[in-house]
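[1] next come a sequence and a model predicted from it.
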Amino acid sequence: MTMRIPVLLLVGCLCSVEWVQAQEKKSSKDLPPIPEIKLDRKEPVVYQKDIEPIFAEKCMYCHSGNVIEGKYDMSTYAGVMKGGKRGAVIIAGKSSESILYHFSSRQKKPIMPPKSEDPLTPEELALLKLWIDQGAKPPTGVREKAKIVLNFPPALVKPVRAVAVSPDKSIVATGRGNQIHLFDAKTGNFLKSLVDPNLKHPDGKPAAAAHMSLVESLEYAPDGKTLISGSFQEAILWDPATGAIRKRIDGFADRVVAIAFSDDSQRFVTGGGAPTEDGEIKIFKIDGTPEFEVKSGHSDTVFGVRFSPDGKMLATCGADKFVKVWSVPDAKLIKSFEGHTHHVMDVGWKADGKFLASAGADNAIKVWDFEKGEQARTINGHSKQVTRLMFVGKTPMFITASGDQQLKMWNVDNGGNVRNFGGSKDYLYAVSVSTDGSLVVSGGEEGITRLYNGTSGAIIKEMVPPADGKPEVKPDAKPEAKPMPKK
Ligand code: HEC
């Protein structure tokens, strides 16, 4: 026994020398395997603490979100275990039979990450091996308090996936990468960022971010007293007046991609769920306490949720191509609408509750007659997927955003194209409009939030936060970061 420790140490030292040499040979064509070292570790490897951060930093930018190389989605534990086009890539308990280990250790091709890009260190590889050999255990329930924001590659940090106009039309909130920025809705000037003070960079510096991952959804309650943002496995209730976090809700299966409030601001609903698993629809009281769930409502991710104007029903839609309507609060299926040939990305109600409109990844907008339970019309005005849809207050108008870079206003009663909002140069993900239709906001892949005059269609401002790329807001606010106007 006494001999073992020095021997292990010696092996460890030799390996790090070898590894340095391996790094120097980076440019050469056939990259050598990453040396195997032994870890002197007694406590079990914990997925979310030890393994997920490695995947997040070195794998997920090619294996999650919009980019799923090899059909291998690593954004969740379930996805990691499920595998990709080759089937399962991890055999629990057997790293030697797990192709994920073969690829990431560079023992077999294709090496992961490919080429000379940021490989796993011998320590990371040893942790990964140990985790697999210990049975590739799932994440345990507990979350660490201080969270580390990993350095996402810039390309993934920028997209604006969610925008919201405050009900009093004073503020535009925009989710850009993992940050939330507030702009003055009259001038388009930057006001401040909403920040989770617990989020830190690996070096311990404040991350000035709202979430660890991308902000996927953002909505103001109609009474203006709550702003909710949704991200990977969490939603945050913000106090819009102070910018403080009122509550964090954990426990979502995957990304929270849709949020909607009831008109009386008494409850809200979230939509999401992991790809190819049951969609997730959760309803909460306005303070964030869980109220009920629509279980197994959709057989795949839910992309859109919206309460009916009277609050007695809930419309949902998702990757299973269905639009469905549920009773509130007993979650009984009332109607189901089938007709889209691809994912249904969003859904909305006309103010009289008689018609629904839905946005499809099949490039089509469909209008549904609620009482008859059938399709009233299809609007073919986009050439790429229709990503979001929002009705303009109590009017028969609604606006759609699309991957074809177009933002368009339609009349639900006759399918007519009322107005277009131009200027976008890339894929659009997000749209929001004030209830009177005077302000329209869009966001997309460019990372620019465009503020429009809703009546003329003219651009008021292209909004980007100052000091683009750097954490622009320090905890002790800079002079130009004005306080929020009091309500
Ligand atoms: C720069 C992009 C990129 C990065 C970073 C990356 N991969 Fe990949 N990955 C790919 C591509 C491309 C493929 C498809 C290659 C093929 O099938 O030949 C792939 C395929 C895979 C597969 C095979 C999936 C299947 O079922 O066929 C595994 C396993 C994998 N990657 C694991 C990882 C791990 C683990 C990491 C991080 C340590 C990682 N990858 C980082 C691009 C990347």
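    Thanks, I have it. Since this is a predicted model, take the numbers as computed values, not measurements.
[2] the ligand versus G188, what's the distance?
    As judged by CB to the nearest ligand atom, to the nearest Å, G188 and the ligand stand 36 Å apart. In short, each C-beta sits where N, CA and C put it, glycine included.
[3] so what's that residue up against?
    By CB atoms under 8 Å, 6 or more residues apart in numbering, the residues touching G188 are 172, 451, 460-463.
[4] so what are the sheet partners of the helix or strand harbouring A258 and their directions?
    Using DSSP states H and E, A258 maps to strand 245-261. Next to strand 245-261 in the sheet, as set by DSSP bridges, lie strand 227-238 (antiparallel), strand 267-272 (antiparallel).
[5] list the buried residues in it.
    Residues of strand 245-261 classed as buried: 245-246, 249, 252-261 (neighbour count, 16 or more other CB atoms under 10 Å).
[6] any chance of JSON lines for the residues you listed, columns pLDDT and distance to the ligand?
    As requested, these are exported to JSON lines (pLDDT from 0 to 100; distance: CB to the nearest ligand atom, whole Å):
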{"residue": "I245", "pLDDT": "96", "distance to the ligand": "32"}
{"residue": "R246", "pLDDT": "96", "distance to the ligand": "36"}
{"residue": "I249", "pLDDT": "96", "distance to the ligand": "29"}
{"residue": "F252", "pLDDT": "94", "distance to the ligand": "24"}
{"residue": "A253", "pLDDT": "91", "distance to the ligand": "22"}
{"residue": "D254", "pLDDT": "91", "distance to the ligand": "19"}
{"residue": "R255", "pLDDT": "93", "distance to the ligand": "20"}
{"residue": "V256", "pLDDT": "96", "distance to the ligand": "25"}
{"residue": "V257", "pLDDT": "96", "distance to the ligand": "24"}
{"residue": "A258", "pLDDT": "98", "distance to the ligand": "28"}
{"residue": "I259", "pLDDT": "98", "distance to the ligand": "31"}
{"residue": "A260", "pLDDT": "98", "distance to the ligand": "35"}
{"residue": "F261", "pLDDT": "98", "distance to the ligand": "38"}
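[7] name the nearest of these relative to G353.
    Set against G353, the nearest of the buried residues of strand 245-261 by CB to CB is A260 (14.8 Å).
[8] tell me the bridge partners for the closest one.
    Residues in beta-bridge contact with A260 (DSSP bridges): V269.
[9] tell me the contacts of it?
    Contact analysis of A260 by CB under 8 Å, 6+ apart lists 219, 268-269, 305-307.
[10] most centrally placed residue in the chain?
    Residue closest to the average C-alpha location in the chain (CA atoms, centre = their mean): E216, at 3.5 Å.
[11] report the contact partners of it.
    Residues counted as contacts of E216 (CB under 8 Å, 6+ apart) are 161-162, 175, 230-232, 255-257, 272.
[12] can you do 10 Å?
    65, 161-162, 175, 229-232, 235, 254-259, 272, 429-430 (CB atoms under 10 Å, 6 or more residues apart in numbering).
[13] low-confidence ranges in the stretch 101-250 of the chain?
    For the stretch 101-250 of the chain, residues meeting the criterion pLDDT under 70 lie at 141-157.
[14] tell me which parts of it are close to the ligand?
    103-104, 110, 112-114, 117, 120 (CB under 6 Å from any ligand atom).
[15] now the two most distant members of these.
    Maximum pairwise distance among those (CB to CB): 14.4 Å, between P110 and L120.
[16] give me the more crowded residue out of the two.
    Shown here are P110 and L120; by other CB atoms under 10 Å, L120 has more neighbours (20 against 13).
[17] tell me the buried residues in stretch 102-120?
    Neighbour-count burial for stretch 102-120, counted by 16+ other CB under 10 Å, picks out 102-106, 111-113, 119-120.
[18] as TSV, those residues with distance to H340 and secondary structure would be great.
    Listed next are these as TSV, based on distance: CB to CB, whole Å; DSSP: H, G, I helix; E, B strand; the rest coil:
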residue	distance to H340	secondary structure
H102	40	helix
F103	37	helix
S104	39	helix
S105	44	coil
R106	44	coil
I111	40	coil
M112	36	coil
P113	36	coil
P119	42	coil
L120	41	coil
